[in-house]
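**Student:** sequence first, predicted model second:
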Amino acid sequence: MADEEQIRQIIESFKLLFDRPNEPLITPKGDKKALFQLTEKLVPPEYSNNGVELNDRFGDDATERIPLKTLDRYPQFTVASQLPADADFSLFLPKHQEMATEVIDALLGVPENQLQDFLSTCVFARGNLNPQLFNYCYSVALMHRKDTKNVPIQNFAETFPSKFMDSQVFQQARETAAVIPQNVPRTPIIIPRDYTATDLEEEHRLAYFREDIGVNLHHWHWHLVYPFTASQRAIVAKDRRGELFFYMHQQLIARYNGERLNNSLKRVKKFSNWREPIPEAYFPKLDSLTSSRGWPPRQANMQWQDLNRPVDGLNVTINDMERWRRNIEEAISTGTVTNADGTTSPLDIDILGNMLEASILSPNRELYGSIHNNGHSFSAYIHDPTHRYLESFGVIADEATTMRDPFFFRWHAWIDDICQKHKESSYVRPYTRSELENPGVSVTSVSVETQGGQPNTLNTFWMSSDVDLSRGLDFSDRGPVYARFTHLNNRPFRYVINVNNTGMARRTTVRIFIAPKFDERNLAWALSDHRKMFIEMDRFVVPLNAGQNTITRLSTESSVTIPFEQTFRDLSVQSNDPRRPNLAEFNFCGCGWPQHMLVPKGTEAGAAYQLFVMLSNYDLDSVEQPDGSQLSCVEASSFCGLKDRKYPDRRAMGFPFDRPSSTATNIEDFILPNMGLQDITIRLSNTTEPNPRNPRTN
Ligand code: CUO
């Protein structure tokens, strides 16, 4: 029993390493003021004179002391310690990747089940490394070590709130923390809805999507679960990760394009001529609490320039990019990849995703380069390509902030287009009827229902929710300090699908998508474009009885999303929730799409959408899991996959819309008996409601 109690305590200690990332561990951590007892070796170098003494003095104030094991050996961090404590960190930079690899190796190198050793190693790492670098490597290590998978990874928006909201909030937050005692209710600080631009800038119509905290958390978390580099290959080589890189980002573009149409804008224009000026400007209005500097903006009409920044390990030209691009285009047009050893293999979407990104699984980094990551860097250093002004990168180089920038979508629209060229090539054949149909199964009707609402109508509205900044509010008094932000939300609804099964009882996969009914000119779509606009709403397996069946499914059960509480939840609250998922799943599935963004905004007048439902042949869908165990984390499996398992659907991601059709020219022609199509309306109620979960509504 003592052992269990010890393990519980040590897990609590691991959680505290996330707290107040810019503050050294010399001071107490967490709401309960727990103090790590530092030895000389464990105090940060800049406190080497007096760190132990200071740490000891804080002991008078602490409610709990955490003893730390003294180790014979601590990691070296030869490369990683070169990143100054006040620098920003980006995985897109080769130098930073090298640093992260070194740290992750060291953290994973501590033998499993030596938790005291691991804790001391992490405390040492936290004291000696840049806080953002530490946070990333520590999160990856917790997620991939078997003995720490029950340590919850802290909500990144709480740890590094400055990456998610207007910098003006923080001065007010410090004032609140200093002036208002913890036992007096603190009024939330309001984050205005329109703080990055005005309506003079038409791109600003999409700010609610690009700057959504949950959307950015999703993207950060996805890349945390799917790193593209590590010296332990298994961390990167997750089942179909290259294809998932394509699919998750394809869905981001499809969702973004749908939102653009709802805001009377055309689909995003892919960035394909890399020498042309970029008309989209972006002024992020974020400060970094790590560097105490603002994130650099991008003026309108700037251009990519060759990058030569030795400090970041970056020396890459637009010519390099164009050469890699030609090689990738050739791989697509010949359907063949040349591997690093000179052999060839057939190209598939999984390889293409890894080639483009490029992850360490890329078959030939020399030939195909690193286009996607460098594209982020070219855009992020547009203002200082040679480090002449000692400037850091723009928001587009940080996975937690990149989606705020309109140019992110132009860049990823190009990445997506390259993947679509492969899907449209003669090496990927269109689906045959037998792959699409499900003999004996016919869908007789599909609909969506909202309680008390009109039939086949989805309802969206605005909501104001509170997020606690105190865990990321370094060097200030404790107690929660809330910021209140406004975000899109949707009323829960359900799908009702009537099916006639003339065959035997069996299973089927239900695949649900929606797309705008008309294009930007208000004309019906050609299927070749329409298929790229369908966003996945849900995918699940159900038993079908012989005869009539009615399948109902709640929108809150979607396998694309995670609940609002999981996107935002304060982890101290979470540990008391009996319905909480097992924590390893919580960490892994955190990359799901936020529930509050499941339904596109629509319009006040009502936007015309089409609901598409397919009941596919389960014999072609099912996946043998290696140990036959029950699936876990199904709630977010569409974008996250399953932890330590195969992706739970044998079909290509995005099926049946991932490939062009050889026969149908519009969606109506595409429909087979096992599919259903229904016109629906998405109506926005342009009012803001307070979130009933807000701790205090003032
Ligand atoms: Cu997710 Cu470009 O890959 O940001």
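**Tutor:** Received it, and whenever you're ready, just let me know what you need.

**Student:** could you look up the SS state of the residue of the stretch 1-150 of the chain found nearest the ligand?
**Tutor:** Using Cβ to the nearest ligand atom, Phe92 is the residue of the stretch 1-150 of the chain that sits closest to the ligand, at 8.1 Å. Where you see a C-beta, it was placed from the backbone N, CA and C, and this is true even at glycine. Classification of Phe92 by DSSP: H, G, I helix; E, B strand; the rest coil places it in coil.

**Student:** any idea how far it is from Asn694?
**Tutor:** Going from Phe92 to Asn694 by Cβ to Cβ, to the nearest Å gives 36 Å.

**Student:** can you check what pLDDT the model gives the residue in the stretch 351-500 of the chain that the ligand sits nearest to?
**Tutor:** Per Cβ to the nearest ligand atom, Thr402 is where the stretch 351-500 of the chain lies closest to the ligand, at 5.2 Å. Looking at Thr402, its pLDDT is 97.

**Student:** so what's Ile551 closest to, chain neighbours aside?
**Tutor:** Ile497 (4.3 Å; Cβ to Cβ, 6 or more residues apart in numbering).

**Student:** now the one you found, what are its backbone angles?
**Tutor:** phi -120, psi 120 (degrees, to the nearest 10).

**Student:** my guess is it meets Ser442, correct?
**Tutor:** No. Shown here, Ile497 and Ser442 do not form a contact pair, counting by Cβ atoms under 8 Å, at 11.3 Å.

**Student:** which one of the two is surrounded by more residues?
**Tutor:** More crowded of Ile497 and Ser442, by other Cβ atoms under 10 Å: Ile497, with 21 against 17.

**Student:** returning to what we had before: and the residue of the stretch 351-500 of the chain closest to the ligand, how close does it get to Ala380?
**Tutor:** Thr402 is 9 Å from Ala380, by Cβ to Cβ.

**Student:** and for those two, which residues touch both?
**Tutor:** Listed contacts common to Thr402 and Ala380 are Val395, Ile396; contacts here mean Cβ atoms under 8 Å, 6 or more residues apart in numbering.

**Student:** by mean pLDDT, which helix or strand of the protein comes out lowest?
**Tutor:** Every helix and strand in the chain was compared by mean pLDDT, DSSP states H and E; the lowest is helix 571-574, with a mean of 42.

**Student:** about what we covered before: distance of the residue of the stretch 1-150 of the chain closest to the ligand relative to Glu202?
**Tutor:** From Phe92 to Glu202 the distance is 28 Å (Cβ to Cβ).

**Student:** now swap in Arg255 and tell me
**Tutor:** Distance from Arg255 to Glu202, by Cβ to Cβ: 19 Å.

**Student:** and the two? which has more neighbours close in?
**Tutor:** Neighbours were counted for Arg255 and for Glu202 using other Cβ under 10 Å; Arg255 has more, 19 against 13.

**Student:** quick check: pLDDT value at the more buried one.
**Tutor:** Value listed for Arg255 in the pLDDT field: 98.

**Student:** what parts of the stretch 401-550 of the chain come near the ligand?
**Tutor:** Residues of the stretch 401-550 of the chain lying near the ligand by Cβ under 6 Å from any ligand atom: Thr402, His412.

**Student:** where do the strands of the stretch 401-550 of the chain begin and end?
**Tutor:** 441-449, 457-468, 482-490, 494-501, 506-516, 535-544, 547-554 (DSSP state E, counting those that start in this stretch).

**Student:** quick one: buried residues of the second one?
**Tutor:** Spelled out, that is strand 457-468. Thr457, Leu458, Asn459, Thr460, Phe461, Trp462, Met463, Ser464, Ser465, Asp466, Val467, Asp468 (16 or more other Cβ atoms under 10 Å).

**Student:** wait, what's in contact with the second one?
**Tutor:** To tie it back to what came earlier, the one meant is Leu458. Contacts of Leu458 (Cβ under 8 Å, 6+ apart): Val448, Thr450, Asn490, Arg491, Phe493, Val599, Gly602, Tyr609, Ile680, Thr681, Ile682, Arg683.

**Student:** partner residues bridging it?
**Tutor:** Taking DSSP bridges as the rule, Leu458 bridges to Ile682.

**Student:** show the pLDDT at it.
**Tutor:** At Leu458, pLDDT is 98.

**Student:** same deal with the fifth one?
**Tutor:** Confidence at Phe461, expressed as pLDDT, is 97.

**Student:** quick one: the nearest residue to Lys146 once chain neighbours are set aside from Arg145, how far?
**Tutor:** Leaving out its chain neighbours, the residue that sits closest to Lys146 by Cβ to Cβ, 6+ apart is Glu112, at 5.7 Å. As judged by Cβ to Cβ, Glu112 and Arg145 stand 6 Å apart.

**Student:** who's more crowded, those two?
**Tutor:** Arg145 (17 against 11).

**Student:** isn't the more buried one up against Pro111?
**Tutor:** No. Under the criterion of Cβ under 8 Å, Arg145 makes no contact with Pro111, lying 10.1 Å away.

**Student:** make JSON lines from the contacts of Leu458 and add distance to Phe408, neighbour count and pLDDT to it.
**Tutor:** Output for these, formatted as JSON lines (distance: Cβ to Cβ, whole Å; neighbours: other Cβ atoms under 10 Å; pLDDT from 0 to 100):
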{"residue": "Val448", "distance to Phe408": "31", "neighbour count": "23", "pLDDT": "98"}
{"residue": "Thr450", "distance to Phe408": "32", "neighbour count": "18", "pLDDT": "95"}
{"residue": "Asn490", "distance to Phe408": "24", "neighbour count": "22", "pLDDT": "97"}
{"residue": "Arg491", "distance to Phe408": "29", "neighbour count": "17", "pLDDT": "97"}
{"residue": "Phe493", "distance to Phe408": "30", "neighbour count": "23", "pLDDT": "98"}
{"residue": "Val599", "distance to Phe408": "22", "neighbour count": "23", "pLDDT": "98"}
{"residue": "Gly602", "distance to Phe408": "23", "neighbour count": "26", "pLDDT": "98"}
{"residue": "Tyr609", "distance to Phe408": "25", "neighbour count": "27", "pLDDT": "98"}
{"residue": "Ile680", "distance to Phe408": "29", "neighbour count": "21", "pLDDT": "98"}
{"residue": "Thr681", "distance to Phe408": "30", "neighbour count": "19", "pLDDT": "98"}
{"residue": "Ile682", "distance to Phe408": "24", "neighbour count": "22", "pLDDT": "98"}
{"residue": "Arg683", "distance to Phe408": "28", "neighbour count": "20", "pLDDT": "98"}
